[in-house]
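> whatever this is, show me its structure:
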Amino acid sequence: MRIYLADLGHNLLTYSSDVYPLGIANQATYLTAHLGPLEEELEIRLFREPQDLEVALDRAPPDLLGLSNYAWNEELSARFARYAKQRHPEVLTCMGGPNWPLTLEVQDRFLRALPEIDVYVDGPTYEGERAFLNLVDRFLRVGKRHEGVFEEPLAGNTWIDPRSGERVCGPPVQRIRDLDEIPSPYLAGWMDPFFSTGYFPLLQIARGCPFTCAFCNSGVKGNSRVFAHSIENVKADLSYIAERVKPEINLCFADDNFGMYARDEEIADFIGWLQDTRGWPRYIRTTTGKNKGERIVRVMRKTHGALPMTSAVQSMNPVVLRNIKRQNIKLETYAMLQEELRRQGMQSYGELILCLPGETRESFMQAMRDLLEAGASRISAHQLMLLHGAELSTPARRQEFGFETRFRVVARNIGEYAGEAVVEVEEMVVATPSFSFEDYLETRIFHLLLTIFFYEENYAELFELASLHGISPFDLVVLAQELLEEAPPEFRRVTQDFVRESQEELFPTRQACLEWAQAHYASLVDGSVCGNLLSKYSMLGRFFVAPAALSFLAGVVRTALGRRGVAFDPEELESVRSYLEAVQLHAPFAETMARELRWRARHDVGRWAEEGYAKPLAAYRSDPPRLLLARTEPATRRLLETKLETFGEHAAGLGKFTRTLFARDLRRTVVAVEEP
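Have a look, this model is predicted:
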């Protein structure tokens, strides 16, 4: 039997998913290990690119087509199920993944809207191996007859009976307690084709989440127990990857709480050894744990700062936390962790979610202030998406909390495949009884400015200078929002377009959004409308109008100091401004990387930053001014060229790859040409 397994991602504008297809590779290894005497009849192929699947469907149709289903590829998977059926009606199509409703009523509507899908493999959250094994086993035993598959319910699988039109739900399957039951796709060679790509290797050390957050589809009760791979197997996978991967490629973990468990420290020790011996990985992308902060810091230290800490508090409002079934660490503990991270030269970022039930603009902005004052170097203010599989998306919770929702195109998730334009859509909350749509827009503007200026310490030296005179980062960004009308025209245009598009991207229904997207497909492709607006406009502000952004922020600092009545040395502000102008790389990158800059400055801003801003900038003054040179190091050039080649030099591509870089990775190196 020929089986095609496809974990498809959009690849027109940039890669909508940038990791190896671990989920379908797990299905392949599990099938071959556990199918028994029927195994020799299998011919399995994995697909990541839609174009490759289209060619394969044309040349040699499968007996069974399995498609992953996430919020970012639902329409794409459905398109290829339709295409397979159009070309070969006898193909059995199935879909599986976490984008699956919790209630039977919504499951029924979901499946009936996808008539091209024969079976939904709805094993436990994130776990479809046993359910899919059941489906393949039955399909083989009934001689690959569709009607044979549907004769009686099948554990872990759901379908609409083609004869009666009724929904049929099989009994649940048990979760896999020992993840080593799933043989390694890396050691089995399934991932070898991806080492030559720009994708990131993905591992999952543990499955399950002990937290029950109502906005997350990992928070369902059946997913609360955590089961893991053995440490030996994880080390074997890491060794296999390290021997084959390009050094500049990042490592990703699909864990919900990496660093929170004792085994993670041993894994971190091994990663540290790989870094020392092979120079990889330089950056690790994952979600760190929601408690056990001291252990997470130790894990971060062992990985030499390659792992940022995810401080995902989501809200600091006690009413909201009760509504979403969330518990946070105390703010005092959070601040202590941030101080430890700063001492170790490591970074963390906080996460909040707009429009959670019970949140107000005032409580949200206070949470922003609290996290910044506690030392967070980056804060992501996500919008509340109503995800299938999450409790807040159920009809009961929607009614209870009075959500006002809109639909929009999922950023970067568009393309033309098999002759049809495909666009992904998501549903998000834009207002609640306590958080108006106007509050939503104003908070989004603040977050845009925070992202451009403060994210990953992009302009850290200016913020530190203001902080020396008692002006907090929060107050500085609030002032920047107040002074936007005084910004240079090209920077002001960035913020105005952001607000306009933040309103124009929203539609009352999914169908209205899809119809609009089809009518404006060309504009979606060229980026003139939609996209991840926060990412798009923060990249425009940071990299495409960089001189104007720097000039505006320096002016905001000057105004803040003046309003405070602070006596300050204007040459200090000019030294910091000229230093940032010299070191920051921006678009067009080929041009700015090739350029060497010389300038004179009275203050050694670079050394001030290297020494952690421990002394006043005045302590680094020199007379006469020094002549300085800024140039791009070869390693920086190679890193950026690799990223740009993979993701592209446009706002969408930059937004994708800068998530795995620190601000220091995007700077020239400064050397003194002439000492005073």
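> so where's the protein uncertain?
Counting by pLDDT under 70, the low-confidence segments of the chain come to 38-40, 124-126, 329, 331, 342, 344-348, 660, 674-676.
> which strand of it spans the most residues?
Secondary structure of the chain read by DSSP state E shows that its longest strand is strand 404-417.
> tell me what that one is packed against?
The contact analysis (3 or more C-beta pairs under 8 Å, 6 or more residues apart in numbering; DSSP states H and E) places strand 404-417 against helix 50-59, helix 74-87, strand 420-431, helix 510-519, helix 521-526, helix 533-539, helix 651-657. The C-beta positions use only the backbone N, C-alpha and C, and glycine is treated the same way.
> would you turn the ones you listed into a markdown table with mean neighbour count?
Formatted as a markdown table, the helices and strands packed on strand 404-417 follow (neighbours: other C-beta atoms under 10 Å):
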| stretch | mean neighbour count |
| --- | --- |
| helix 50-59 | 17 |
| helix 74-87 | 21 |
| strand 420-431 | 20 |
| helix 510-519 | 16 |
| helix 521-526 | 14 |
| helix 533-539 | 23 |
| helix 651-657 | 23 |
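> flag every buried residue along the longest strand of the chain.
In terms of neighbour count (16 or more other C-beta atoms under 10 Å), strand 404-417 has its buried residues at 405, 406, 407, 408, 409, 410, 411, 412, 413, 414, 415, 417.
> strands of the stretch 151-300 of the chain, start to end?
Along the stretch 151-300 of the chain, counting by DSSP state E, counting those that start in this stretch, strands occupy 157-160, 167-169, 202-203, 206-207, 227-228, 251-253, 284-285.
> so what strands line up beside the third one?
Paired strands of strand 202-203, with direction, are strand 251-253 (parallel) (DSSP bridges).
> how far out from the middle of the chain is the strand it pairs with?
Here strand 251-253 is found 12 Å from its chain centre; the criterion is C-alpha atoms, centre = their mean, to the nearest Å.
> how does this structure divide up, domain by domain?
Domains of the chain are assigned by automatic domain parsing as 2-125+128-169, 175-307, 583-674.
> quick one: residue 67 from residue 82, how far?
11 Å (C-beta to C-beta, to the nearest Å).
> from the buried residues of strand 404-417, pick the one nearest residue 133.
Among the buried residues of strand 404-417, residue 417 lies closest to residue 133 (C-beta to C-beta), at 28.9 Å.
> without its sequence neighbours, what residue ends up closest to residue 637?
residue 593 (5.3 Å; C-beta to C-beta, 6 or more residues apart in numbering).
> phi and psi next, for that neighbour.
Per-residue torsions, residue 593: phi -70, psi -30 (degrees, to the nearest 10).
> so what's it up against?
Residues near residue 593 by C-beta atoms under 8 Å, 6 or more residues apart in numbering: 585, 632, 636, 637, 640.
> could you identify which of those residues has the most neighbours?
If you count neighbours using other C-beta atoms under 10 Å, the busiest of these is residue 640, which has 22 neighbours.
> find the nearest non-adjacent residue to that one, please.
Take residue 640 and drop its neighbours on the chain: the residue closest to it by C-beta to C-beta, 6+ apart is residue 589, 5.9 Å away.
> gap between the one you found and residue 639?
According to C-beta to C-beta, residue 589 stands 11 Å off from residue 639.
> from the contacts of residue 593, which ones fall inside helices?
Those of the contacts of residue 593 mapping onto helices are 636, 637, 640, per DSSP state H.
> make TSV from the domains of the chain and add distance to residue 480 to it.
Formatted as TSV, the domains of the chain follow (distance: least, C-beta to C-beta, whole Å):
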stretch	distance to residue 480
domain 2-125+128-169	29
domain 175-307	29
domain 583-674	18
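> of these, which is nearest residue 398?
Residue 398 lies closest, by C-beta to C-beta, to one member of the domains of the chain: domain 2-125+128-169, at 10.6 Å.
> check the burial of residue 168 by counting its neighbours.
For residue 168, the neighbour count with other C-beta under 10 Å is 15.
> before we move on, what about residue 487?
Close neighbours of residue 487, defined as other C-beta under 10 Å, add up to 23.
> same check on the one 10 residues further on?
Burial of residue 497, expressed as a neighbour count using other C-beta under 10 Å, amounts to 14.
> sticking with it, tell me its helix or strand.
Counting by DSSP states H and E, the element that carries residue 497 is helix 489-504.
> tell me which residues of that helix come out buried.
By 16+ other C-beta under 10 Å, the buried positions in helix 489-504 come out as 491, 492, 494, 495, 498, 499, 501, 502.
> contacting residues for the second one?
Applying C-beta under 8 Å, 6+ apart, we find residue 492 in contact with 484, 485.
> just to revisit the earlier point, for the longest strand of the chain, C-alpha coordinates in PDB please.
Extracted C-alpha coordinates of strand 404-417, given in PDB (Å, rounded to 0.1, in the frame of the first residue of the first chain):
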ATOM      1  CA  GLU A 404     -16.600  40.000  20.000                       C
ATOM      2  CA  THR A 405     -14.600  38.200  17.300                       C
ATOM      3  CA  ARG A 406     -13.400  39.000  13.800                       C
ATOM      4  CA  PHE A 407     -11.700  36.900  11.100                       C
ATOM      5  CA  ARG A 408      -8.400  37.800   9.300                       C
ATOM      6  CA  VAL A 409      -5.900  36.200   6.900                       C
ATOM      7  CA  VAL A 410      -3.200  34.300   8.700                       C
ATOM      8  CA  ALA A 411       0.000  36.100   8.100                       C
ATOM      9  CA  ARG A 412       2.300  34.800   5.300                       C
ATOM     10  CA  ASN A 413       0.000  31.800   4.900                       C
ATOM     11  CA  ILE A 414      -1.100  32.200   1.300                       C
ATOM     12  CA  GLY A 415      -0.100  30.800  -2.100                       C
ATOM     13  CA  GLU A 416      -1.300  29.200  -5.300                       C
ATOM     14  CA  TYR A 417      -1.100  25.500  -5.300                       C
END
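> now do the helices in the stretch 201-350 of the chain.
Assigned by DSSP state H, counting those that start in this stretch, the stretch 201-350 of the chain shows helices spanning 231-242, 262-278, 293-302, 318-323, 331-343.
> give me whichever of those helices is most buried.
A comparison of these by mean neighbour count, using mean count of other C-beta atoms under 10 Å, puts helix 293-302 on top with a mean of 21.
> contacting residues around that one?
For helix 293-302, the external contacting residues (C-beta under 8 Å, 6+ apart) are 258-262, 264-265, 268-269, 271-272, 288-289, 307-309, 329, 333-334, 337, 340-341, 344, 346.
> okay, the angle between it and helix 331-343?
For helix 293-302 against helix 331-343, the angle by axes from the mean of the first three to the mean of the last three C-alpha atoms, to 10 degrees is 10 degrees.
> quick one, helix 293-302 and helix 262-278 angle?
Helix 293-302 runs at 10 degrees relative to helix 262-278, counting by the same axes, to 10 degrees.
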